[in-house]
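1. quick one, what's the 3D model for this:
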Amino acid sequence: MKIRLAAILLTALFASLWTESSAQDQTVLDSLFVELSGAAADTSLVNINLEIGGEFLFNYPDTAVYYIDAAFELAEQIGDTLNVAECYNLYGIIGTIQGKYLTGIENFQSSLEWYQKGEDLEGAANIINNIGVIYGYLDNYKESIKHYKESHRISESLENHQGAALSLFNIAADFLELEQFDSLRLYTLRLEEFQALHDEEFISASPLWGEIYLHEEKLDSAEYHYEVAYKKNIEDQDLVQATASLTGLATVYKEQRRYVKSLRTLHEIDELASKHQFNESILSVMELRAEIAKNRGEYETAYEYQGDYLALKDSLDGINNLNRINELNAKYQTEKSEKELVEIQALMTQKEAKKTAQDRIFMIIGLFIVIVIAIMLISIRRKKKTNHVLNNQNVEINIQRQKILSSINYAKKIQNSILTPEHDIRRALPESFVYFKPKDIVSGDFYWFADKGDKIIISTIDCTGHGVPGAFMSLIANSKLNKVVNELKIEEPAEILNAVHEEIVASLNQASNIESAQDGMDMSLCVIDKEKEVLKFAGAQNSIYIVDQGKVNEIKADCLSIGGTILSNHLDGAFQFSTKEVPFKEGNQLFMFTDGYMDQFGGVSNKKLNKSKFKKLIHSLSQESLTEAKSKFEDYLKNWMGPNAQVDDILIIGAQL
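-> Residues are numbered from 1 along each chain as shown. Here you go, the predicted structure:
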């Protein structure tokens, strides 16, 4: 897993006049509260409130907001331009800590305008750095690095060594996100050389080295650097960076397969992150827990953690409307261009006044430039208006997209609710697994299971299509199976398939509706009689495999799909599914599947995996525990696919009889 450094090192990344040290010092707070009680309503009171807000900023952001609000209100009343700018900066940092990037960038843009109004270059450089942080969170690293370099240039010109060091750190962090590790190492070394040149450590490079050594799989070195960083964080009482360092350590423990220690560390991170709304850290915790569960073979748990991760990420994405952020950036760039043009015009006016001997020439030149500027301004404003219209359209499209995605995600919950949990299947078949990998959010493949005491009925179904159309068919098929088996009490495999076929044809009105005449499904269905040690099978296009003493035997299905009318009409309605009865011995293995796995493109020749390779894979895995086979199917498919996209829904069920 790639750990987002920008998400776990917020304190280091941000620049603020009032947060040079992020530690919350109770002695300092006590002193500030004493000053607060006796301060007059002027700039000194604004400063005290800001300092108190700065002390709470990273550890208790809601408390910090209370004091920043007080500072902001008074600063506006007395016209304290620079402190208004700093209030907006702190609001932006808090918004970003909580994963509300739209709020963050809006406040940073306002802060930059106020610092420019107050002609404070150092403050402006800090905010340009912080805007770069936002773009880093949004994976726009080109824009992010551009802002960091501009901040670094200004900071160096002002001999603001701390700000310049921070920019180098942030550039290195972006190269980590881009997985450009040579550039990451280069800028980490530049950071250390810069600090050595000025004989002071403005910002620790330990977390960067931790990430470098983690990538190089030098886990002991990575652990050492994260521990160094964590000790410093605890010394500074810095909860954000402590959470960051712990995340790095948890990742190292995971890679060392010290899962218990990693999970214990993640629990500690979760408590801190949840309490203080460090949403990006919470996402990292969920992702790491999912990976640990997967590594331990706890696939259902891993799936649940991954689902929680996606749900929280979707929620945060809803807060951060990317189109709105792009609109703000366009506004910033346009206003910057207009300001530059106005400055050019002012410069030309000054030159005209100084060179009286060439008044007439400069008047003509000036008039020409003014005309050009006017044309440029009109063009910019027109472009701005066009961008505004396009942005509004993009916002509307994005809103509709979010609604559609929300509906499909809810449909996924409905579809998942019809699937028997894997642990319930294991109660009846202890040595078993379900490998289910939809191509899209919802699936046209699904499985059906019923435990009738002395008999177990299990089926894999591949409905027409995938995605939303396939999911609709899966709900219909599930309903018909429930009706045939649970209501009509049919338990003979061929009779079940015949009855489901008739139900589908009637439900979709296929006898008279040509357009829907071919919608249906392929199915394999087994009735396992544990007492008699007999397996009865009926299949619609989908065969099954029985593994007996290392030999893989195919039990073939009938060449007819469920639903549709072409084949049944061709046979004058005389076709009926057939039941195959297969005796089994204890230890025999059953494999049921749809065609998605075999139809996946990949390999050296970029061809389908095909039935032959699939059968050989089952033979190789039949010697291992079926609980391990699931992960082997996953690994084999991943290696086979390479860069190819998944082409169909995938479903495999394995069970020891």
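
2. who's in contact with the helix or strand harbouring E150?
-> Using DSSP states H and E, E150 maps to helix 141-157. Counting by CB atoms under 8 Å, 6 or more residues apart in numbering, helix 141-157 makes contact with 15, 121-122, 124-126, 128-129, 131-133, 135-136, 160-164, 166-168, 170-171, 174, 177-178, 329, all of which sit outside it. Yep, even glycine has a C-beta here, placed from its N, CA and C like the rest.

3. same check on stretch 249-259?
-> Outside stretch 249-259, the residues touching it (CB under 8 Å, 6+ apart) are 1, 3, 214, 217, 219, 222-223, 226-227, 230, 261-262, 265-266, 269, 285, 288, 291-292, 295-296.

4. can you give me the neighbour number for E531?
-> Around E531 there are 8 other residues, counting by other CB atoms under 10 Å.

5. part of a strand, is it?
-> No - looking at E531 with DSSP: H, G, I helix; E, B strand; the rest coil, it is coil, so not inside a strand.

6. in contact with the residue lying closest to it once chain neighbours are set aside, which residues?
-> Nearest residue to E531 in three dimensions, chain neighbours excluded: D454, at 5.2 Å (CB to CB, 6 or more residues apart in numbering). Shown in contact with D454 (CB under 8 Å, 6+ apart): 529-531.

7. now D454: phi and psi?
-> phi -80, psi -10 (degrees, to the nearest 10).

8. and it, how far is that from E491?
-> 11 Å (CB to CB, to the nearest Å).

9. and for I212?
-> 62 Å.

10. these two: which has the busier surroundings?
-> Applying other CB under 10 Å to I212 and E491 shows that I212 carries more neighbours, namely 20 against 16.

11. spell out the residue ranges of the strands in this structure.
-> 432-437, 445-451, 455-463, 521-529, 534-540, 544-548, 551-555, 580-583, 589-593, 601-602, 607-608, 650-656 (DSSP state E).

12. nearest to D182, of the ones you listed?
-> Of all the strands of the chain, strand 601-602 sits nearest to D182, with 30.4 Å by CB to CB.

13. can you show me the helices along the stretch 551-657 of the chain?
-> 566-570, 610-621, 626-641 (DSSP state H, counting those that start in this stretch).

14. circling back: can I get the contacts of D454 in a markdown table including pLDDT?
-> Formatted as a markdown table, the contacts of D454 follow (pLDDT from 0 to 100):
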| residue | pLDDT |
| --- | --- |
| D529 | 91 |
| K530 | 86 |
| E531 | 86 |
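
15. now flag whichever of these is closest to D42.
-> Nearest to D42 among these, with distances taken as CB to CB, is K530, at 85.6 Å.

16. got a list of what the closest one touches?
-> Contacts of K530 (CB under 8 Å, 6+ apart): 454-456.

17. please redo it, this time with the cut-off set to 10 Å
-> By CB atoms under 10 Å, 6 or more residues apart in numbering, the residues touching K530 are 428-429, 453-456, 584, 586, 657.

18. ok, of those, which come out buried?
-> 428-429, 455-456, 584, 657 (16 or more other CB atoms under 10 Å).

19. for PyMOL, write the select line for the buried members of the contacts of stretch 249-259.
-> Per 16+ other CB under 10 Å, the buried members of these correspond to this PyMOL selection:
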select buried, resi 3+214+219+222+223+226+227+230+262+265+266+269+285+288+291+292
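
20. burial check on G642, number of neighbours?
-> Neighbours of G642 (other CB under 10 Å): 11.

21. let me fix that: K452
-> Close neighbours of K452, defined as other CB under 10 Å, add up to 15.

22. which one is it nearest to, not counting chain neighbours?
-> Closest to K452 by CB to CB, 6+ apart is E491, at 7.0 Å.

23. give me phi/psi at the one you found?
-> When read as degrees, to the nearest 10, the backbone of E491 gives phi -130, psi 0.

24. do M598 as well
-> phi -70, psi -30.

25. so what's it up against?
-> The contact partners of M598, taken as CB under 10 Å, 6+ apart, are 608-615, 617, 648, 650.

26. just the residues you listed now: which is nearest F56?
-> Taking those together and measuring to F56 by CB to CB, the closest member is I650, at 50.3 Å.

27. beta-bridge partners for the closest one, please?
-> Bridge pairing for I650 (DSSP bridges) gives the partners K437.

28. from what I can see it touches Y636, true?
-> No - I650 is beyond contact range of Y636, at 11.8 Å (criterion: CB atoms under 10 Å).

29. need the residues touching each of these two.
-> Counting by CB under 10 Å, 6+ apart, the shared contacts of I650 and Y636 are Y597.

30. the more surrounded of the two?
-> Counted by other CB under 10 Å, I650 and Y636 do not tie: I650 has more neighbours, with 24 against 17.

31. ok, that one to F446 distance?
-> 12 Å.

32. need the overlap of contacts for the two.
-> When contacts are counted by CB under 10 Å, 6+ apart, I650 and F446 are jointly contacted by 436, 438, 594.

33. what residues does the first one make contact with?
-> If I follow you right, that is F436. Contacts of F436 by CB under 10 Å, 6+ apart are 299, 303, 416, 419, 422, 443, 445-447, 460, 594, 630, 649-653.

34. buried by neighbour count, from those residues: which ones?
-> Buried among the contacts of F436 (16+ other CB under 10 Å): 299, 303, 419, 422, 443, 445-447, 460, 594, 630, 649-653.

35. where's the dip in pLDDT among these?
-> Within those, pLDDT reaches its minimum at Y303, with 76.

36. any stretches of the stretch 251-400 of the chain with poor pLDDT?
-> Scanning the stretch 251-400 of the chain for pLDDT under 70 picks out 276-277, 313-368, 370, 379-381, 383-400.

37. same check, this time on the stretch 551-657 of the chain
-> By pLDDT under 70, the weakly predicted segments of the stretch 551-657 of the chain are 565-574.

38. one step back: only the buried residues of the helix holding E150, if you could.
-> Result for helix 141-157 [16+ other CB under 10 Å]: buried residues 141, 144-145, 147-152, 154-155.

39. now do stretch 49-58: distance to the chain's middle.
-> 31 Å (CA atoms, centre = their mean, to the nearest Å).

40. and L189, what's its pLDDT?
-> So L189 comes in at 93 (pLDDT).

41. now do the one 10 residues further on
-> Confidence at D199, expressed as pLDDT, is 87.

42. generate a ChimeraX selection restricted to the buried entries among the contacts of M598.
-> Selection of buried members from the contacts of M598 for ChimeraX, criterion 16+ other CB under 10 Å:
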select :608,609,613,614,617,648,650
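
43. what sits closest to D648 if chain neighbours are left out?
-> Among residues not flanking D648 along the chain, G596 sits closest, at 3.8 Å (CB to CB, 6+ apart).

44. about what we covered before: list residues touching both of D454 and E491?
-> Shared contacts of D454 and E491, counting by CB under 10 Å, 6+ apart, come down to D529.

45. F601 touches L637, doesn't it?
-> No - using CB under 10 Å, F601 is not in contact with L637, being 11.3 Å away.

46. show me where the stretch 151-300 of the chain has helices.
-> 161-177, 181-197, 206-215, 219-235, 239-255, 259-276, 279-295, 299-319.

47. of all those, which lies closest to N89?
-> helix 161-177 (13.3 Å).

48. against Q656, how distant is S625?
-> 9 Å.

49. neighbour-wise, which of these two wins?
-> Neighbour count, other CB under 10 Å: between S625 and Q656, Q656 has more, with 16 against 12.

50. check contacts around that one.
-> Here Q656 is in contact with 429-432, 547, 586-590, 622, 625-626 (criterion: CB under 10 Å, 6+ apart).

51. these two touch, right, L138 and D174?
-> No - using CB under 10 Å, L138 is not in contact with D174, being 11.8 Å away.

52. so between the two, which is more surrounded?
-> The neighbour comparison of L138 against D174 (other CB under 10 Å) goes to D174, with 25 against 16.

53. excluding residues flanking it in the chain, which one is nearest the more buried one?
-> D174 sits nearest to Y141 (CB to CB, 6+ apart), 4.9 Å away.

54. same check, this time on L191
-> Leaving aside its chain neighbours, L191 sits nearest to L168 (4.4 Å; criterion: CB to CB, 6+ apart).
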